[in-house]
Every structure is written in C-alpha cells, then in structure tokens.
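A.B. asks: Sequence plus the predicted model coming up.
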Amino acid sequence: NGRNKLLLLEAEYAISRGRLDEARSKYLESVACAKSENALHEQALAYERAGLVFSDADKGRKWNDLAKNYMIEARDLYCEWGAKAKVEQMEEKYHFISDNTVD
C-alpha cells in the first residue's frame, strides 16, 4: 500500500531537521511495514539509508556498530531479493560488509 515509502520519507525529513531519534524510529517502522508487505528491496533500502545516516563514516570516523548492522542487514536483504550487482557494489564500497557473509 506504500506506507513503508511514506515512513521512509518521514525518516529522511526527520534527519533533515536533526531529529535523530525520530528518524531511527521511522526507518525501523518503514522496515517493519515493508516486511509485512513482502517488499525485500524496500526493507533493504530503509536499512541502507539508516546505516548511512547513523554512520560516522562521512566524518572520517569508524563505522559504529548500529550503522554496520543496518548496512549488513541491507546487504543480506538485497542478496535475498537477488540484486547481485547491488550486493557487489555495497561490498566493494563498504569493506566491513564482505567480512560478514550470509550462510
């Protein structure tokens, strides 16, 4: 029904306003909603955006555990969805992801 997309947009809006707690909640709501709609790629997108937003990588610091976990979950969902090129792109760009493979 598209609710997961609205929640993702609300998360992005919250980030633009500096409301990190609200954004995190909206990202996770988007993931749950996409999961209930069997939309693997949209779950992956929400996790990927959350991982990028909550990482300190853009500031030259190490990735925090929360952001890493979101990115790994995104990679796993893209893999399950069959988006091989996206998985390869993420593993090339974010080297820590390839150290955490799916069984």
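C.D. replies: In hand now; what should we look at?
A.B. asks: buried set for the helix or strand of the chain with the lowest mean pLDDT?
C.D. replies: Lowest on mean pLDDT, DSSP states H and E among the helices and strands of the chain sits helix 95-98, with a mean of 82. Using 16 or more other CB atoms under 10 Å as the test for burial, helix 95-98 gives residue 97. The way it works is simple: take the backbone N, C-alpha and C, and place the C-beta from them, glycine included.
A.B. asks: now do stretch 64-75
C.D. replies: 67, 68, 69, 70, 71, 72, 73, 74, 75.
A.B. asks: Now, those residues that are in strands?
C.D. replies: With DSSP state E as the criterion, strands contain none of these.
A.B. asks: any idea which of those is the one closest to residue 31?
C.D. replies: Closest approach to residue 31 among these (CB to CB): residue 73, at 8.3 Å.
A.B. asks: follow-up on the earlier one: would you format the buried residues of stretch 64-75 as CSV with distance to residue 98 and pLDDT included?
C.D. replies: Formatted as CSV, the buried residues of stretch 64-75 follow (distance: CB to CB, whole Å; pLDDT from 0 to 100):
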residue, distance to residue 98, pLDDT
67, 16, 88
68, 12, 90
69, 15, 92
70, 16, 93
71, 11, 94
72, 10, 95
73, 15, 95
74, 13, 96
75, 9, 96
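A.B. asks: Which of those fall in helices?
C.D. replies: Under the assignment DSSP state H, those contribute 67, 68, 69, 70, 71, 72, 73, 74, 75 to helices.
A.B. asks: Work out for me the element the nearest residue to the fifth one once chain neighbours are set aside sits within.
C.D. replies: The one in question is residue 71. Leaving aside its sequence neighbours, residue 71 sits nearest to residue 51 (CB to CB, 6 or more residues apart in numbering; 3.7 Å). Per DSSP states H and E: residue 51 is located in helix 40-54.
A.B. asks: ok, the buried residues of stretch 64-75 vs residue 10, which is closest?
C.D. replies: Distances from residue 10 to the buried residues of stretch 64-75, taken by CB to CB, are shortest for residue 70, at 17.2 Å.
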